[in-house]
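Participant: return a 3D structure for these sequence lines:
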Amino acid sequence: MSYKTTDGLMRHLRENGIAISGSAQKRQLINTGYFHGYKGYRFFHHAGNSLPFTSYSEIYATIRYDAALKSLLYGKVMFIETAIKNIALEAILTKARSESIQVMCESVVSSYRNSPLGASVNRKKALQQAKLNLQNSIQSSLAKEYRRGNPKIAHFYDNVNYTGVPVWALFEVMTMGDFGFLLSCLTYNVRDDISRRLGLNLACDTDRQLVYKYIYMLKDLRNAIAHNAVVFDTRFRSVDPNRAMRQCLQQEVGLPYVNFKTIGDYVILVSYYLKILHVPKTEIKSFIREFEKITEDYVKSVNPIVAAIVIHRDLSMRMTALKAYI
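Facilitator: Model (predicted):
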């Protein structure tokens with residue numbers, strides 16, 4: 001099997017209509033990689049939707065734009081995850097009146113036994129299966145962390161004076177996805193309590209699903225950032241927003257639509273959470289302005305056709321509405 005040197009890759013790019021030359025761009029290609037960089041950023045959403053780049057400088061600008069988005073969003077998403085975990089933890093402990101994981105699973109997790117009134121047999125069985133899956137996920141997580149010697153977990157198993165790992169320690173090691181699954185397994189009353197503590201818009205969330213649905217949406221973003229995957233075109237999205245997820249942001253922010261097909265919608269979701277978590281307005285607006293700035297800088301760095309594909313035409317209007325809401 002043949003292979004290409006960096007110089008060979010540069011010739012290959014030029015043969016395919018991408019202007020690239022000089023030691024500076026050669027170094028950029030080396031540092032960002034042909035497959036991770038060029039192959040990863042040459043399309044929008046899917047491989048069949050190629051971006052009409054004419055120079056490597058545009059590709060490199062897109063890579064840098066993506067990196068700037070990751071830097072901007074990561075800290076905010078981590079803050080939101082931590083805050084929601086703490087709020088949910090307090091609600092769960094209050095309802096369960098215990099820090100025992102077993103008591104939590106028996107008292108505030110939905111099952112066949114405590115299913116909603118009028119639930120069908122199939123629905124009851126589905127809830128029971130979800131509970132069993134949750135318990136298995138919890139034990140797998142604890143076993144993995146104990147095997148790794150994580151002191152947050154090993155401390156409890158290696159001390160004869162403790163009878164088990166408390167719920168609050170479990171929350172410290174849960175992934176964002178596992179946390180979302182736990183929230184989805186809670187009884188309606190507990191999800192309602194957490195939703196009210198957070199200040200979510202309940203008018204469009206009769207089933208109290210927003211509390212975990214939005215976590216799943218943010219989990220996709222967080223994982224893409226953490227694993228250095230592409231984020232600028234939201235190809236990381238694994239779930240479609242349901243009606244409540246769309247209506248909540250439309251009503252709260254005053255938007256004609258929300259679909260999470262552009263990174264701007266994730267900026268809107270993050271800003272919404274920062275607001276309901278009582279982050280100062282100045283900090284949230286600074287976050288939005290930084291997003292606008294790096295986006296404006298990107299638009300200036302690529303040809304208008306590329307910019308029109310990557311940046312949705314109504315982004316400016318949506319950011320104006322978002323700042324007014326904040």
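Participant: now the residue positioned nearest the centre of the chain: how far from residue 247?
Facilitator: Computing the C-alpha centroid of the chain and ranking residues by Cα atoms, centre = their mean puts residue 218 first, at 2.1 Å. Using Cβ to Cβ, to the nearest Å, residue 218 is found at 18 Å from residue 247. C-betas here are computed from N, CA, C, even on glycine.
Participant: which residue ranges of the stretch 51-200 of the chain form helices?
Facilitator: 56-96, 101-107, 121-147, 151-157, 167-173, 176-185, 188-198 (DSSP state H, counting those that start in this stretch).
Participant: still on that earlier bit, pretty sure the residue nearest to the centre of the chain contacts residue 76?
Facilitator: No - using Cβ atoms under 8 Å, residue 218 is not in contact with residue 76, being 9.6 Å away.
Participant: give me the common contacts of the two.
Facilitator: Here residue 218 and residue 76 have residue 270 as joint contacts, going by Cβ atoms under 8 Å, 6 or more residues apart in numbering.
Participant: coming back round to it: could I get the helices of the stretch 51-200 of the chain as TSV with mean neighbour count, mean pLDDT and distance to residue 27?
Facilitator: Listed next are the helices of the stretch 51-200 of the chain as TSV, based on neighbours: other Cβ atoms under 10 Å; pLDDT from 0 to 100; distance: least, Cβ to Cβ, whole Å:
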stretch	mean neighbour count	mean pLDDT	distance to residue 27
helix 56-96	19	96	11
helix 101-107	17	94	52
helix 121-147	15	95	40
helix 151-157	15	92	42
helix 167-173	19	95	40
helix 176-185	20	96	36
helix 188-198	19	96	47
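Participant: so which of those gets nearest residue 230?
Facilitator: helix 56-96 (6.0 Å; Cβ to Cβ).
Participant: now do the closest one against helix 188-198, angle only.
Facilitator: Going by axes from the mean of the first three to the mean of the last three Cα atoms, to 10 degrees, helix 56-96 is angled at 120 degrees with respect to helix 188-198.
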